Each structure stands twice: as structure tokens, then as C-alpha cells.
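Participant: quick one: sequence plus predicted model below, questions after.
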Amino acid sequence: SHRGRSRGFPWAPLRGSASVPGDKSISHRAVLFAAMAEGTSRLSGVLDSEDVRSSIRAVGQLGAQVSLEKQPDGSLAGGVTGWGAAGPSQPEAPIDSGNSGTTVRLLMGVLAPWSVRVELTGDDSLQRRPMRRITAPLMKMGARFEPEGRETLPLTVCGSEGLRAITYDAPMASAQLKTAVLLAGVYARGTTTLNEPSPSRNHTELMLPEFGVTTTAADRTASVTGPAALRACEVQVPG
């Protein structure tokens, strides 16, 4: 500091403020859960990124009404009116998740409990990423995926309204896998439990209760008891 002053540099604390962008994982969940819910949720702090916009476009194709607008700080805020008990609409075209693995993998769990046939695809990179880790537990619950045995996108989700609750030992720690199974489990009859070999992000377990769905969570286990219904709420996505 002495030498800095002698060279003519001021020595003083840095003062100011910086806004931290909204968390991407939580932004995805806020949009998807609000689309599933009954009523209009108010979201703020949503990250404006191409991946999150993939989720926004997807729920719009499935019948949610989304009015998120750019804010002065660059985030997105506004309302999302969900499909609630009516369920998602049959989209007229395939849903393209771009490069967003979170969008497509969570959508598999969102769509599994409903009588819809939805083709899911993505860009060249996403089409090379593994999907079997998500489809395997959902098939145990009663959903189908076509073409049968295919492990990469494009895949068509063939949902079923009679999903079975399961207890599933996940082969790896994955918040995307856990979330897909829990979202399907919201509408399955009974308690769906997912056990992991090590902890993964717990955004879903923390956010579902905000939408009125009770979850139980421990270090490596998460459960939800269905059938349950999501209710609109207010979500402020943290940075």
C-alpha cells in the first residue's frame, strides 16, 4: 500500500455493487414447476440464458402461458400460468431442447404421468448424450419411450396416467435423474423414493414444498407421495 501511494495510486476500499445472475438449475425448475401447477406463479430473478429459454419454449408448447419479460438487471420476471389438473397439451411438433440436458431430462418426468405422445429432441451435441439413466426408472413406473431400446435423442415419451410408485437405487448421483423420478412420482399412487450413492443438488426437494407438494429428504434419499397437485406460488430465483 505504501509503494502504491508513492506511485500516485489512491489507496481506498472498492465500493459498488454487482448483481449476480440467477441460478440456472433453479431457474429451470421454477419454470417447469410453475407450468405443472394450478394457477399463475410469479417468478423473478430467472436467468436469461439459452438453456432456460429452452425450458420456457417447451412449457409453452405444452400449454402453459408464459409472460416472462426482461428486467433492467438482465433477469426475467413475470407470470407462468400452468396446466394444473388438466395436464399438458399434446404439442403439434417435436420439442427441441437445444443444448439443454436439464430441459429434456426433466421433461421426461414431467410428461410421464400424462396420456400424451411427445417427441423430444435437441441439437447434435444433446443427441449424443445418454438418456437411458432417466428413461430406465420412468419405464419401471409405467411410461414408455419409442423407439424401444434407444438410449439417445430423439425419443418419444408415451406417458401413462396409471404410473406406479417405485423405490429406485440410482446408479449415480444425478439431480436430473432424481428430479425426473420425483416429478413423475408426484402423480403416481404411493410413495416414490430415490436412493443415491452420494448426495446431489437438492433444489427440487427444497422447491416442491413451495408449490404445495410434501417431500422428505435425507442425505442420500428423497421421497414424494402421490397423487399430489402443484399449486402456484411465488419464486424468487437466487443468484
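Facilitator: Good, I have the coordinates.

Participant: so which residues of this structure form helices?
Facilitator: 2-6, 24-36, 50-61, 101-111, 132-141, 175-185, 203-207 (DSSP state H).

Participant: what does the fourth one contact?
Facilitator: Outside of helix 101-111, the residues that reach it under the criterion Cβ atoms under 8 Å, 6 or more residues apart in numbering are 24-25, 28-29, 32, 35-36, 51, 54-55, 58, 62, 88, 95, 97, 118, 120, 122, 126, 129, 131, 134-135, 138, 143, 145, 153, 157, 159, 176-177, 179-184. C-beta: built from backbone N, CA, C; applies to glycine.

Participant: give me that answer again for 7 Å
Facilitator: 25, 28, 32, 36, 51, 54-55, 58, 88, 95, 97, 118, 120, 122, 126, 129, 134-135, 138, 153, 157, 159, 176, 179-181, 183-184 (Cβ atoms under 7 Å, 6 or more residues apart in numbering).

Participant: now swap in the third one and tell me
Facilitator: By Cβ under 7 Å, 6+ apart, the residues outside helix 50-61 that reach it are 24, 27-28, 31-32, 35, 46, 66, 68, 91, 95, 97-100, 102-103, 107.

Participant: so, low pLDDT: which residues of this protein?
Facilitator: Scanning the chain for pLDDT under 70 picks out 1-10.

Participant: report the contact partners of the residue most central in space within the chain.
Facilitator: Central residue of the chain (Cα atoms, centre = their mean): R29, 3.7 Å from the mean position. With contacts defined as Cβ under 7 Å, 6+ apart, R29 is in contact with H203, T204, M207.
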